[in-house]
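# Following is a predicted model, sequence given first.
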Amino acid sequence: MKPAPFDYAKPASLEEAFSLLDGHGEDARLLAGGQSLLPTLNMRLSAPAILVDISALEALRGISIDNGMLRIGALTTHTELKASKEVARAAPLLAEAASHIAHPAVRNRGTFGGSLAHADPAAELPACVLALDASLEIAGRGGTRKVAAADFFHGLFETDLGPGEILTAVEVPVLRKGFRSGFAEFARRSGDFAMSALAAHGRFDGERVHELRLVYAGVDIRPVRAQTAEQTVEGKAVTADLLADAMARLGDDLDPMDDPHASGVMKLHLSGVLLGRVLSAMAGAHR
Amino acid sequence: MTPSREISVTVNGERVTVRVEPRKSLVDFLREDIGLTGSHVGCEQGVCGACTVRLNGAIVRGCLTLAVQADGAEVWTIEGVSDSGEIAALQQAFLARNALQCGFCTPAMLLTAAALLKENPAPTRPEIREYLSGNFCRCTGYQAIVDAVESAASDMTGAGS
């Protein structure tokens, strides 16, 4: 279908963007890459009066490393994320996950900030920023604030972003010595949203794993940490028995609902398979 | 209520300036305003890939890009890359391998395959399948399309016969 009529503005500065958001309130929607917004408009699930195209805001661009922090501008596309040397070195999890997002033509337009602000529960990058303990930089009229990824995702397509605020960048601590990450997902077809996806990040000391974060997407209304499974493996060598134990406890952490793509029982099973695969790969990476 | 906007876009090397409604998609602009109907409109929600065009050098979904977002940009469509001869080897391979029946998906398949071969001149079959996974064909199945891309790649790199 075609979208309902809307007006369009392309501010040249954050100030101008704030004015537009103030002036139009809930009738305005921010447009970045548009790869999630435009389908909902085409399907007429949403009909904003005006789109505020933030793609000209240079402050939202660029990837840099400074003082142990990798800073990724919100307008960074998934293709840029995948190709960045800085990201490959400082947060390889993001580059790995980016390959699983949709298809090349969508990755060329879709943005990092857009994916986080949209907060689709099955999206890859929200799970990754949670696994990496990233912080999100949010600009508003009153200035800039930072929110931990753990506090950003409130629920189904709901985030900590308030009216008139714009997500400007993501800061990820640069990969420290001994830390490794892994990512895998199950989808019906390549590029579809995940039935279950796992982003994992932790420290390895020989065979033993520490400070592991296991974050699942596609199994709840927002990305969720599997903390019981994390505690089960803490400080232990990754063996087949340990993985079986952790998988068995995953039901304490996850309670996936049925959806048209998979039943909750199937999602829980697939989540266990991912845990085994990802953790084995991470543990094997040093051998 | 929503006044049209003037946009200037360089389409297949030629600069055009027209007024469009903000809600008009890039692919509708190309088809309706410029008369280039080689880019097809399928699902209009970013799933089928039939509307694929090249925007500032990168393939995009023509249905998930607004014409106003292409203001000042350079767009290449199947007509342009066909006339320039850029994708002649791919086109020849599609013909030789019967990699199309109705042809609805073909322009987008060719543009996507061309983007793949530019990034990766000698892709494996799984890499070809993965790259084309966002382009749906409802006639041939994908075997012949993958065959065609593979043979075009080997012809272009001179690796095969």
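Structure's in. What do you need?

# where in the chain is pLDDT low?
All of this refers to chain A. Applying pLDDT under 70 to chain A flags the ranges A:286-287.

# I was after chain B.
B:1, B:159-161.

# Give the phi and psi angles for the residue in it that chain A sits nearest to, as a check.
For chain B, the nearest residue to chain A under the criterion CB to the nearest CB is B:Gly134, separated by 2.6 Å. C-beta: built from backbone N, CA, C; applies to glycine. With angles defined as degrees, to the nearest 10, B:Gly134 sits at phi -90, psi 10.

# Near it, how many other residues are there?
Applying other CB atoms under 10 Å in any protein chain shown, we find 25 other residues in the vicinity of B:Gly134.

# for chain A, what are the nearby residues on chain B?
For chain B, the residues in contact with chain A (CB under 8 Å from any CB of the partner chain) are B:1-3, B:5, B:21-23, B:25, B:28, B:44-46, B:49, B:52, B:55, B:58-61, B:63-66, B:68-69, B:112, B:115-116, B:129-131, B:133-135.

# Would you mind checking those residues for buried ones?
B:5, B:21-23, B:25, B:28, B:44-46, B:49, B:52, B:55, B:59-61, B:63-66, B:68-69, B:112, B:115-116, B:130-131, B:133-135 (16 or more other CB atoms under 10 Å in any protein chain shown).

# Run through the residues that contact residue 129.
Going with chain A. With contacts defined as CB atoms under 8 Å, 6 or more residues apart in numbering or on different chains, the neighbours of A:Val129 are A:Leu116, A:Leu136, A:Ala149, A:Phe152, A:Val170, A:Val172.

# oops, I was thinking of chain B
Taking CB under 8 Å, 6+ apart as the test, what B:Arg129 contacts is A:Ser190, B:Tyr142, B:Val146.

# Adding neighbour count, secondary structure and distance to B:Gly80, write those residues out as TSV.
Listed next are these as TSV, based on neighbours: other CB atoms under 10 Å in any protein chain shown; DSSP: H, G, I helix; E, B strand; the rest coil; distance: CB to CB, whole Å:
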residue	neighbour count	secondary structure	distance to B:Gly80
A:Ser190	14	coil	29
B:Tyr142	17	coil	26
B:Val146	19	helix	25
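
# Name the helix or strand for B:Ala108, please.
Here B:Ala108 sits within helix B:106-119, counting by DSSP states H and E.

# Buried ones in that helix, by neighbour count?
Those would be B:Thr106, B:Pro107, B:Ala108, B:Met109, B:Leu110, B:Leu111, B:Thr112, B:Ala113, B:Ala114, B:Ala115, B:Leu116, B:Leu117, for helix B:106-119 by 16+ other CB under 10 Å.

# nearest spatial neighbour of the residue of chain B closest to chain A, skipping sequence neighbours?
Counting by CB to CB, 6 or more residues apart in numbering or on different chains, B:Gly134 lies nearest to A:His103, which is 2.6 Å off, once chain neighbours are set aside.

# so what's that neighbour up against?
Residues near A:His103 by CB under 8 Å, 6+ apart: A:Ser190, A:Gly191, B:Gly49, B:Ser133, B:Gly134, B:Asn135.

# Please repeat the previous calculation with a cut-off of 10 Å.
For A:His103, the contacting residues are A:110, A:190-192, B:46-47, B:49, B:52, B:59, B:61, B:112, B:130-135, by CB atoms under 10 Å, 6 or more residues apart in numbering or on different chains.

# Without its sequence neighbours, what residue ends up closest to B:Val27?
B:Gly62 (3.0 Å).
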